[in-house]
Each structure stands twice: as structure tokens, then as C-alpha cells.
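>>> model this:
(chains A and B)
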Amino acid sequence: MIIRQLLRSPGVVLQGPSKTPLSVIPWIQGKCWNSNIAETPRPESSEAAVAAGQLDAGKSTAKLSKAMKAYIERAKSHDAFMFEQISEYEIGRRHLANMMGEDPETFTQEDIDNAIAYLLPSGLFEPKARPLMKHPTEVFPKRKAAEFDESGRPFHTLFYTGRPAYYQVLHDITTHVQNLDRFADRMVRYSISKDKERTLNLGSSIWVSKEQLESIIVESIQDRHYDFFIKSMNRLADHPYSYRVEEFILKFRKSISSSSQQEIPKLLFTTEGVPYMNASGSRKTAKADVTVYGRGTGKITINGQDILYFKNPQEREQVVFPLQFTEMLGTVDVDAEVKEGGSSGQAGAVRHGIALALRSFVDKEMVEKMRLAGLLTSIPPRRFPQRFGAKETLTELGFCGRCANYPDPPFSFLSQLFS
Amino acid sequence: MAACSRRLSRYLSSGLLRGIQRCQLSSLSRPALSQQQLMEKENDSGSEDLFKARVHLGHKEGSLDPCMHPFIFGSRLGHLIIDLDQTSQHLREALNFTAHIAYRGGIILFVCRNPQFQHLVENTAKDCGEYAHTRFWQGGILTNSTIQFGCETRLPDLVIFINTLNNVLTQHTAVRDAAKMLIPTVGIVDTNCNPNLITYPVPGNDDTPSAVKLYCDLFKNAILRGKEKRKEEL
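Here you go, the predicted structure:
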């Protein structure tokens, strides 16, 4: 072959980095206007040239590129370091077990955490500042896996973009959209109308969050990358034939119902065989422990007292509402113990507790209805933002002495003013 | 269809990995054509394919970059026409160089910032086992690669520009950076582009899908042939 002959032509000696790659093949002169630059060697490509030369000489193994050499060096030193750390950790673990009088063989990470908390009690607020003894793989950051092979060639086509996995996803979206468009054209050509029943239903799910996307593609991205990803996915999902790529789309959808799909606890039974269920509800700062007994007569006991524990009829209505909703008003007994909070908060806490306990008594459909009615969600106590130069009462109502933004006061406040 | 592909393959093979003497270009002025070159010119059907793919269509006269003047055949009703004889010559050289780089196991990076052809260019790169960058160009990719990628990376040995401009119609940073890092470049230069920093400029249309598809096919086949030859040699 002409090329091989030229490579072996006299006067050309394949040596180290001092020889330029372009001079190896004498007929190619770089078309750079500044010819001096063409002569200066580039370390990376000279390695490749040497590799190619050695290949031509008949050797099957290519010389490693500088990039790969550096990576292997770093990998070796990291492995050695981790080995040292892990052996130290194991020795420490056994010592700790002996100290605590436990069997070293069955001393788990949880035991270690408890032992450390006992031996080295820390009054520090920040959990990360407290003494810690965890396995080195959890403590030290994972080494980035080699993204290129022995000759330094990256594995991924889009490696040089810096975010290969993210851009691969975008590439896939485009591929799918193009394929779906072609399919739609075929459907139109053969006058086949769109099958409405097969339309993709994404009502019960939402797009994954930025953090979740980062964990899926194992790459860190910025907000604008995430926003563009969502736009692109919406474009794909809005396609009339998007059901054909359902699998791909659902990879990036998080089902909202499954997140609240907690396991409904099974009914417990007393010694007499009466079914009952415990639940704890909360509202504002109030906490309630509620027990609902089946096969009852509609008796309600709160803190030892009747429903009249709550002075306000609105609060009594709140307590009774879940029973009315599930139509179990006269068929169950309720025993509640509520502490902290005000009257309204306590009423809400009891209501929440009753609703949670009732889940075990009713069927799945009713549970879903209760969830949609908001009976099963605990509303966290409202937090007011720090305002400058404002009194406590004013802060609660959203007034700010410093800035001129006065929101409309709630009417209950006004009633207090005029009472 | 078959006839077209036959013509294309003839176009590719006539200049690829052969015609070594013609690659020697030391000045802007073209030397007189040798006998071999004249013979090849007779057999040259490449210009016809280029014409059919609308490679000769340039932008309007007002947007002409002065450095592109030598490559222009003329203009028609304000629209510039690129000289396809020159284009075919430059393209031949560029493909030859690309094939050589592929033969030597070099890393080839396709760059195109035109969103219309982004997907096509990425697919082309994937099909020939090379690399593509059709996204936002982060400054340090070539000039600061160790910090950009977090580890020592091997830089591309050739950068092929399907479009030398970025999406705001200024020159792509990679043109300058590749020149800084002494990486040879092949670039399709349209009438509004500056070919000065590009090692193997190919004057031609970079906006029409048929032209871009032609370039992608030609470069892909050149690379694949180079790799095939490498496999044969081993």
C-alpha cells in the first residue's frame, strides 16, 4: 500500500514527541498560512502517531495515550488509598464492638452510629458536624469512571459536549419526534384516523424534578438545561401518537398517586373481637392520638370529655366531618387524646386522626375520595418570614414596618379589634 | 437511485487515499494541472452531483465575506454562485485528509451549530464511530480540556465544520480554538463565512438540506473507508 511505503520511506524515523506527526507523511503539508506553527509538535497526536507507527510495524497493542496513562495512575493511587481506609475502618469497627461488649462479627453500621453517639455525645446542632464513623465508600467521593478507552478515544459520541448523557436524551427525543411524524404521515396517507383510546394519559403523573433527572442520567445539569428538557419532553408527549413511545416518556414521569400511596394498615382487634384502628393526626401545633372502634354507636370522646369539649360549633363540625363523609357517623366510636395547640388546631388534629384511622375501615375508592377531599393530608404549621423592625403581631399578619407592602388584613383580626 | 450512489462512490474513490501528490499546496495560487489531474478532471462527475445537491447556491451579494471572493463564480439576480470546480477540488482534498486521519486512528469531531441539521450531524458522527458537538460550545473544551472535563482528555485530531458560524451568525469559537491548539480543521464555508483559519476550507452551501446531507454522507463514507483500510492493514 502506498501509504505504508511512504510511512517507511527513508529519512523518517518514528520517535518520541520531538517528531511532528505531519512530517511522518511527507506529502501532507498543513495548509496553515503560518507554516511555522505546522512544524510544532502536539504531544497528544504524536502519541497517536507513535501508536499508528507501531501498529504498522506489526505490534497489536497500541501504546497508551497520555490521557489514559494519567487516568490509570490516578485510579491506582485512589484504589490504594481506599484499600488503606477500608482496612482502618474494619479494625476500628472491631475495636468499637469490643469496647461496647458486642460481637464484632455482627456489629452493623447502626450499632456503630449508636456507639459513637454514646461514647462521643455531641451538643452540636448541625448533624454533619457531629462525630461520624461510616464506611469509606460513603465518606469519600466516588472516582469518575474512565470515559475513554486505552487509546484515549472516548466511548460516548457526545463526550466533547461535556454532558453526553443529557444531550443523548435530547437526541433521543428528537429521534422519537421524527419517527412519530413519519408514522403520522403514513397514517394520513392511508387515511387511518387517530385511535383516541390509545392516547397517552399523563394525568396521574408529573415530570421528574431536576434532582431526579440528574440521578437518572447520572450527570449534573443547570436549571436552563432542565427547563429545555421539560419543553422538549412536552413537545414529544403532546404528539398525537406519543403512545408509541410511552416507555421512553414514562421513564421521566413520576406518578403522583404512588407517592401518597402509603400502605393502609390492617384493622386491629381487641380481646372482645372489636375492630379498631389507631392514628395520630396533627394540625398547626396540635397533636392528636385517635382510636376508632368499629361496631360502635357513634360515641365521641375527646380528652375524656364529650364532643362538647369543643366550644365552637365549627370545631365540632370539623371533628364529625370525616365520619359524615364516609357515612360512618353512627357505626363507629371515637376516642381521642389531643394536646397542645388552640381550639381550631386541636379540632383539625382530631379530624385528621379520625380520617387516617378510618382508612382501614373503608374501601380503596373511599380512601381516594378522602385523599382528594384533603382529609388525609396534614397541613404543616404556617411559617412567617422574618421581617425587619416589625412587632410580633404585625409579623404574623404579614405587615412589615420596614417596607411599604401592607397586605390586606384578615377579617378575623378586624373583628378582634372591634370586639 | 442506484446510479446516483454509483456516481457518488466514483467521486469518492477517485480522490481518496490516492492522488497523494496533489495534496501539496504551498500557496494560494494554484499550480498548473498535471496530466494526471487533467485526466481526473475529465472523469470528474463530482461537479454534477454538487450542482444537483445545490452546493453552488450562496447567500446574497451584500453578505459576501471578502475572503470568499476567490471561490465565487459569479452572481445571479443578487444571489452568489460558488465555483463548483474549485469546490470539487477542495472537497476532494478535504475528504482525502479526513480519510487519512481516520486511517491513522485519529479522533474526528463534527461541529455544526445549525439547529436544522443538528440531529443529522450527530447521527452521522455516531454512524462512523466519531464524535459530534452540535450544542452550546463551552469555552474551555479545546483550550482548557483538563479542567473542563475534570481529567486529562485526548483532544480531537480533526474538527469538521458543517457550518463554521454559530447560531448568532458569528464565527464559531472552535475555529479559532482549533487553530490555537494546532488541530487541523475541515470546514464548509458559505459566502458569508471567513475561511482564513480553516485548514481545508470547502466553499459550498451550508444551508440547504440536500447539500448538508451530501456533505455528511461524503465525510461519513470517507471516514469509514479510512477505518476499513486500517483494519485491512492490521
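>>> What strand or helix carries B:Gly74?
For B:Gly74, the element it lies in under DSSP states H and E is strand B:72-76.
>>> Can you report phi and psi for whichever residue of the stretch 251-400 of chain A sits closest to chain B?
Of all residues in the stretch 251-400 of chain A, the one sitting closest to chain B is A:Phe252 (19.4 Å; CB to the nearest CB). No exception for glycine: its C-beta is placed from N, CA and C like everyone else's. The phi/psi pair for A:Phe252 (degrees, to the nearest 10) reads phi -110, psi 20.
>>> I'd like to know how far the nearest residue to it once chain neighbours are set aside sits from chain B.
Of all residues not flanking A:Phe252 in the chain, A:Val208 sits nearest, at 5.2 Å (CB to CB, 6 or more residues apart in numbering or on different chains). Note on A:Val208: its distance to chain B, by CB to the nearest CB, to the nearest Å, is 21 Å.
>>> thinking A:Val208 is in contact with A:Arg253, fair?
Yes: using CB atoms under 8 Å, A:Val208 makes contact with A:Arg253 at a distance of 7.0 Å.
>>> Which SSE is immediately downstream of the helix or strand bottoming out on mean pLDDT in chain B?
The weakest-scoring helix or strand in chain B, judged by mean pLDDT, DSSP states H and E, is helix B:35-43 (a mean of 49). For helix B:35-43, the succeeding helix or strand toward the C-terminus, using DSSP H and E, is helix B:46-52.
>>> coming back round to it: direction included, what does the strand holding B:Gly74 pair up with?
Sheet pairing of strand B:72-76 (DSSP bridges) gives strand B:79-82 (antiparallel).
>>> I'd like the mean pLDDT over the helix or strand just after the partner strand, please.
Reading on from strand B:79-82 to the C-terminus, the next helix or strand found by DSSP H and E is helix B:84-103. Helix B:84-103 comes out with an average pLDDT of 95.
>>> quick one: helix B:84-103 near chain A?
Yes: judged by CB under 8 Å from any CB of the partner chain, helix B:84-103 and chain A are in contact via B:Phe97, B:His100, B:Tyr103.
>>> quick one: the strands in chain B?
With DSSP state E, the ranges of strands along chain B come out as B:57-60, B:72-76, B:79-82, B:108-111, B:131-133, B:158-161, B:185-189, B:200-203.
>>> Distance to A:Tyr190 for those - can I get that in JSON lines?
Converted to JSON lines, those look like this (distance: least, CB to CB, whole Å):
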{"stretch": "strand B:57-60", "distance to A:Tyr190": "36"}
{"stretch": "strand B:72-76", "distance to A:Tyr190": "43"}
{"stretch": "strand B:79-82", "distance to A:Tyr190": "40"}
{"stretch": "strand B:108-111", "distance to A:Tyr190": "37"}
{"stretch": "strand B:131-133", "distance to A:Tyr190": "35"}
{"stretch": "strand B:158-161", "distance to A:Tyr190": "40"}
{"stretch": "strand B:185-189", "distance to A:Tyr190": "39"}
{"stretch": "strand B:200-203", "distance to A:Tyr190": "42"}
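>>> Export the ones you listed to a markdown table and append columns for mean neighbour count.
Converted to a markdown table, the strands of chain B look like this (neighbours: other CB atoms under 10 Å in any protein chain shown):
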| stretch | mean neighbour count |
| --- | --- |
| strand B:57-60 | 19 |
| strand B:72-76 | 13 |
| strand B:79-82 | 19 |
| strand B:108-111 | 26 |
| strand B:131-133 | 26 |
| strand B:158-161 | 28 |
| strand B:185-189 | 27 |
| strand B:200-203 | 26 |
